[in-house]
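K.L.:
next one to model:
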Amino acid sequence: MNKALIVGICGGSGSGKTIIANQLSQKFKNSSVIINQDSYYKDLSSISFEMRCNQNFDHPDSIDFKLMRSQILNLLKGRQIKVPIYDFTKHVRTKKHQEVDLSKIIILDGTLIFSQIKLVEIIDLKVFIDVPDSKRLKFRQQRDALERGRTLESINKQYTTTVRPMYNEFVDPSKKYADIIITDPKTLDEPLQIIQNEINKILD
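P.N.:
All right, here's what the predicted structure looks like:
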């Protein structure tokens, strides 16, 4: 396999991990690629839209982690992978995909990536962004209303019934695997600098 540094950015939904992952990728613009857990939601096109809306999207079983890990391993072998593109408004995979080639740094972004021991085993640097529940809910309200066309009522309902319980059951316990835990950062610049410094130390 080709040598590449795999960095995992984990934390609850609304913790800012995706923004951090994107900014981190910009810092290493010519030598990094992002693979997002959300791309691997299982396709629900076989059931009605109403049934899709009632699925628990925050349980590990909603993610095709087998495919995600397989694609990462293929990437490490120097093979181009085709990452699924998911439609969050319809809860289905589109027919399109994103072609991804191997880079020096592979950034994994996801709420549940540390809950999967087979993923944990291949991640070189594991970072957990630990943000209070109230802040995560506020961020999610803003994001889902703007980017995913959800109503405030539906956002709050989903957060109460699945997001928070699944965070408590799967996400928070998984931070025990983290190499770095960043607690309630005042700005996203703080965790970004910490992660960037650690990557530079490893690569030097």
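K.L.:
so, low pLDDT: which residues of the protein?
P.N.:
1-2 (pLDDT under 70).
K.L.:
go again using 50 as the cut-off
P.N.:
For the chain, no stretch has pLDDT under 50.
K.L.:
for it, which strand extends over the most residues?
P.N.:
strand 92-100 (DSSP state E).
K.L.:
is I9 part of a helix or strand, or is it coil?
P.N.:
Look at I9: counting by DSSP: H, G, I helix; E, B strand; the rest coil, its state is strand.
K.L.:
follow-up on the earlier one: other SSEs contacting the longest strand of the chain?
P.N.:
On a contact count with 3 or more Cβ pairs under 8 Å, 6 or more residues apart in numbering; DSSP states H and E, strand 92-100 meets strand 81-87. All C-beta spots, glycine's among them, are computed from the backbone N, C-alpha and C.
K.L.:
any idea how far the strand it packs on is from the chain center?
P.N.:
14 Å (Cα atoms, centre = their mean, to the nearest Å).
K.L.:
hmm, who's touching the longest strand of the chain?
P.N.:
33, 35, 39, 41, 43-45, 52, 75, 80-87 (Cβ atoms under 8 Å, 6 or more residues apart in numbering).
K.L.:
make a ChimeraX selection of whichever of those residues turn out to be buried.
P.N.:
Only the buried entries of those go into this ChimeraX selection, using 16 or more other Cβ atoms under 10 Å:
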select :33,35,39,41,44,75,81,83,84,86
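K.L.:
re the thing from before, note down every partner strand of the following helix or strand past the longest strand of the chain and its orientation.
P.N.:
On the C-terminal side of strand 92-100, the closest following helix or strand by DSSP states H and E is strand 105-109. Taking DSSP bridges as the criterion, strand 105-109 pairs within the sheet with strand 5-11 (parallel), strand 32-36 (parallel).
K.L.:
out of those, which one sits most buried?
P.N.:
Across the strands paired with strand 105-109, averaging neighbours per residue (mean count of other Cβ atoms under 10 Å) puts strand 5-11 on top, at a mean of 25.
K.L.:
pull that one out as PDB, backbone CA atoms only.
P.N.:
Taking C-alpha atoms only, strand 5-11 is exported to PDB below (Å, rounded to 0.1, in the frame of the first residue of the first chain):
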ATOM      1  CA  LEU A   5      -1.500   9.900   6.600                       C
ATOM      2  CA  ILE A   6      -5.200   9.200   7.500                       C
ATOM      3  CA  VAL A   7      -6.600  11.900   9.800                       C
ATOM      4  CA  GLY A   8     -10.000  11.300  11.400                       C
ATOM      5  CA  ILE A   9     -12.100  14.200  12.500                       C
ATOM      6  CA  CYS A  10     -15.000  13.100  14.700                       C
ATOM      7  CA  GLY A  11     -17.600  14.700  17.000                       C
END
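K.L.:
and for I106, the neighbour number?
P.N.:
22 (other Cβ atoms under 10 Å).
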